[in-house]
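1. structure, please.
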Amino acid sequence: MIRCPYCAEMLQIQVDLSAGDQNYIEDCQVCCQPIQLSCTIDNFRLVSVDAQCST
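-> Sure, this is the predicted structure:
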């Protein structure tokens, strides 16, 4: 779960753990604003997810 940096809604996202560290943009399911997601994966485990406003 992440919190949208625009509308503060909690959102559920899916991360492909086999792809390693990832950086991508996903639109908020509530307010439709673009969220920059940075996912850190170590040994097929999600270590952290950072959700920021997309610039």
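
2. any idea how far residue 23 is from the residue at the greatest distance from the centre of the chain?
-> Distance from the centre of the chain peaks at residue 43, with 18.7 Å (CA atoms, centre = their mean). According to CB to CB, to the nearest Å, residue 43 stands 19 Å off from residue 23. (Each C-beta comes from the backbone N, C-alpha and C, glycine too.)

3. give the contact list for the closest residue to residue 51 other than its chain neighbours.
-> In this structure, residue 51 finds its nearest non-sequential neighbour in residue 2, 4.4 Å apart by CB to CB, 6 or more residues apart in numbering. Counting by CB atoms under 8 Å, 6 or more residues apart in numbering, residue 2 touches 10, 11, 13, 35, 37, 49, 51.

4. can you list the residue ranges for strands in the protein?
-> Applying DSSP state E to the chain gives strands spanning 2-3, 10-11, 22-27, 34-42, 45-53.

5. report the beta-bridge partners for the residue nearest the centre of the chain.
-> Residue closest to the mean C-alpha point of the chain, counted by CA atoms, centre = their mean, is residue 37 at 3.7 Å. Under DSSP bridges, the beta-bridge partners of residue 37 are residue 24, residue 51.

6. still on that earlier bit, quick check: bridge partners of the residue nearest to residue 51?
-> Where residue 2 sits in a bridge, its partners, by DSSP bridges, are residue 11.

7. how many neighbours does the nearest residue to residue 52 once chain neighbours are set aside have?
-> Of all residues not flanking residue 52 in the chain, residue 36 sits nearest, at 4.7 Å (CB to CB, 6+ apart). Counted with other CB atoms under 10 Å, the neighbours of residue 36 add up to 15.

8. quick check: residue 36 vs residue 13, distance?
-> Residue 36 is 12 Å from residue 13, by CB to CB.
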